[in-house]
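> Could you work out the structure for the sequence below:
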Amino acid sequence: MRKINAILVLIILILLLDHVIFGGLYLFGAGTGVIKPLALSLLILVAVHAVISMIITIRAEKAGMKTKARYNKENRQFWNRRVSGMFIIVLAFMHAFLMSKNAQGVPRMASAPKPLRMATPLLIIAVFAHLKSNVRPLLIAMGVRNIDKKEKIANIILFIVFIFALSGSIYTVISHIRGK
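The predicted model follows:
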């Protein structure tokens, strides 16, 4: 089940990168019919990933209860991954709602309360934290060798994408707050 989840995560990462790129183009006025089906596909795959991860978590907890072995550092990382994943699910639905359009064709973000508009930047931060803490386990699950070097490269790429996505998201929030 872990291998299936790892493959699913790779597909999600590809779709997420596409979503960031096409979402950025869309926000800059390059309308595209790809963004909605891409976003829905991504949301469905994230939900499947969440279900598989919950099954893995339940199995791990049951095994931990049987052995009564507690590894505080490892458990902290384990639960950081789960909590960031839960934040992603909640914030992803908020993001989808805010980016959808009302009956007049205006993005809901334009009329949303100002604190709610921060859902997208918070989603990007949660995704970054989740991915950052899961790079090594993903590389291990995929059977990659020389993990340290590849983990550094993956983290650099992740950070660059994070900066661009967060910058675009904050720009969009500020634009909607100013009413432009």
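
> Just want the most central residue of the protein.
By Cα atoms, centre = their mean, the chain has its centre lying nearest to Val127, at 3.5 Å.

> so where does the nearest residue to that residue once chain neighbours are set aside fall, helix or strand?
Sequence neighbours aside, Ile88 is the residue nearest to Val127 in space, at 5.9 Å (criterion: Cβ to Cβ, 6 or more residues apart in numbering). All C-beta spots, glycine's among them, are computed from the backbone N, C-alpha and C. Per DSSP states H and E: Ile88 is located in helix 72-99.

> Give me the contacts around the helix or strand just after that helix.
Using DSSP H and E, the helix or strand that follows helix 72-99 in sequence is helix 119-141. Here helix 119-141 makes contact (Cβ atoms under 8 Å, 6 or more residues apart in numbering) with 2-3, 5-6, 9-10, 13, 16, 77, 80-81, 84-85, 87-88, 91-92, 94-95, 98-99, 147, 150-151, 154-155, 158-159, 162, 165-166, 169-170, 172-173.

> one more time with 6 Å, if that's ok
Residues external to helix 119-141 that are found in contact with it (Cβ atoms under 6 Å, 6 or more residues apart in numbering): 2, 6, 9, 80-81, 84-85, 87-88, 91, 94-95, 98, 147, 150-151, 154, 158, 162, 165-166, 169-170.
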